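K.L.:
3D, please:
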Amino acid sequence: MKYKILWAIIATFFLGGCVVTDPYLSKSGWKYSQQSELLEILKTDKYASLCELRPIYEKYLQNKNPKLFNKLLVGYVQNLANSCISVSSFKASQRAKKAGKTKTHYEIQMQSAKASSIMLQLQSGKSIEDILKPYIPTSPQFNRLLLYYHSMRSGGDSKQLQKVKLNIERTKLMKPSSWSTFVLINVPEYKFRLFEMGGKKMEFAVVVGNKKWQTPIFTSTLKYVVLNPTWNVPDNIARDELIPKIIRNPNILKRKNMVVRKDYNINSPHVDPRSVNWKLYLTKAYKKKNLPHKLIQKSSGRNALGTVKFMFPNRFAVYMHDTQAKSLFKKKHRAYSHGCIRLSKPQKLLKHVSNNYTSHGFDTINKRSNTKKTNYINLKQHIPVKIVYLTAYVDEGGTLKFFNDVYGFDSSQKLRGTP
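P.N.:
Residues are numbered from 1 along each chain as shown. Sure thing, here's the model as predicted:
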């Protein structure tokens, strides 16, 4: 009897071939569990990443072509990693704006999501969720907006749905950094928020850059505070606004408490403004050159930066600061600066930062401020600063809010596919 069984096994091996089938694998090489997992994700569009893949998904449901299934997986991962915004057309629109003399910048963080790497992970037996996990945005706004997106798809305002979807895509392009303790400036909302350990610590109004001098959308780090700051006028502002006024009326420098120096060093000797050929700096030869003379507004009660500025060093020369123009905070539309962020409650922020992020405490720093001399205070713990552009935002109470498209990014960031 034993020999009959053995011969039956051998016959089966030779007649049926040497391929041993895995009952957990489909003909395409997918695990059945992976197939059902991806189908469930696609059915609900769990991570809002179907976009232009929707026709392919519908075609797959009809013919079950395994090549289409592979394409759906790769495309879904790539859309989750790098958004459904047409980045190439957006970059083209940004170049056109800059050519039209608009100061604009929108940071885009692209992730590597190669098809070969995705398929290798699939073949190694990874679950679909594990393959997707590294690409899921870490911003709290991603999950909050996603909840509204799924609830609104069953019915509601199509324009609002489109706006929610676009802002979900924006969270995919943000740097995947920590969202525990950080400063958040939401430009279209004209709002400052400070979060600590995931909870909101403070919130107040801000003024941001105007349409021609847009506040750049990017991430940096708050490193130090300047008390009684001087205003080092950037060359582009000097060329476009101040030098023409100086040519017409040289006394304007005295009226604005400004001096001229060879550089921005506070200890550099002054230069007699009457010795400078200001008209030369408006010629084409100096259009993109650094100006050899710098305009500096001395610290005083009339200084454009007020009594304090919060520095997060960056190539755009923008920062957060106090302001003399307090009346602007009463306006609903608050895009008036040259790109910097003007704070409605700088002293409140200074007190909190002094007591919690420096070695001095607010009483000591306040005494330094009262001397009216310029002082630099380093933070012992740096704070991430995230300047974002969200025209749809879910606040900490779970309320969805919409804001005007102040810089026109809602129009220039085109989505591939439909909501």
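
K.L.:
what about residue 159, how many residues close to it?
P.N.:
The criterion is other CB atoms under 10 Å. On that basis, residue 159 has 9 neighbouring residues. (Each C-beta comes from the backbone N, C-alpha and C, glycine too.)

K.L.:
now the helix or strand hosting it: how far from the chain's centre is it?
P.N.:
Taking DSSP states H and E as the definition, one finds residue 159 inside helix 158-172. For helix 158-172, the distance from its own C-alpha centre to the chain's C-alpha centre is 15 Å (CA atoms, centre = their mean, to the nearest Å).

K.L.:
Tell me which other helices or strands the helix or strand hosting residue 200 touches.
P.N.:
Residue 200 is part of strand 199-209, with elements assigned from DSSP H and E. Under the contact criterion of 3 or more CB pairs under 8 Å, 6 or more residues apart in numbering; DSSP states H and E, strand 199-209 touches strand 191-196, strand 335-337, strand 341-343, helix 346-357.

K.L.:
what's the domain layout of this structure?
P.N.:
Taking automatic domain parsing as the reference, the chain has its domains at 24-136, 232-298.

K.L.:
Switch those over to a markdown table; also include distance to residue 148.
P.N.:
What follows is the domains of the chain, written out as a markdown table (distance: least, CB to CB, whole Å):
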| stretch | distance to residue 148 |
| --- | --- |
| domain 24-136 | 11 |
| domain 232-298 | 40 |
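
K.L.:
Tell me which of these sits nearest to residue 374.
P.N.:
Distances from residue 374 to each of the domains of the chain were compared using CB to CB; the minimum, 6.6 Å, belongs to domain 232-298.

K.L.:
what about that closest one, average pLDDT?
P.N.:
Per-residue pLDDT values over domain 232-298 give a mean of 90.

K.L.:
Now do the end-to-end distance for that domain.
P.N.:
Taking CA to CA, to the nearest Å, domain 232-298 runs 9 Å from one end to the other.

K.L.:
Which of the domains of the chain sits closest to residue 317?
P.N.:
With distances scored as CB to CB, the stretch of these nearest to residue 317 is domain 232-298 (5.3 Å).

K.L.:
Quick check, residue 395 in contact with residue 203.
P.N.:
No. Taking contact to mean CB atoms under 8 Å, the distance of 9.2 Å between residue 395 and residue 203 leaves them out of contact.

K.L.:
can you pull the buried residues of the longest strand along the chain?
P.N.:
The strand that spans the most residues within the chain, counting by DSSP state E, is strand 375-388. Neighbour counts using 16 or more other CB atoms under 10 Å place 375, 377, 379, 383-388 of strand 375-388 among the buried residues.

K.L.:
Pairing partners for the helix or strand just after it, with directions?
P.N.:
Next helix or strand after strand 375-388 toward the C-terminus (DSSP H and E): strand 392-394. With DSSP bridges as the criterion, the sheet partners recorded for strand 392-394 are strand 400-402 (antiparallel).

K.L.:
following the strand it pairs with, which helix or strand shows up next?
P.N.:
Scanning forward in sequence from strand 400-402 by DSSP H and E, the next helix or strand is helix 409-412.

K.L.:
now that next one: mean pLDDT?
P.N.:
The predicted model assigns helix 409-412 a mean pLDDT of 97.

K.L.:
Please apply the same query to stretch 318-338.
P.N.:
Taken as a whole, stretch 318-338 has an average pLDDT of 96.
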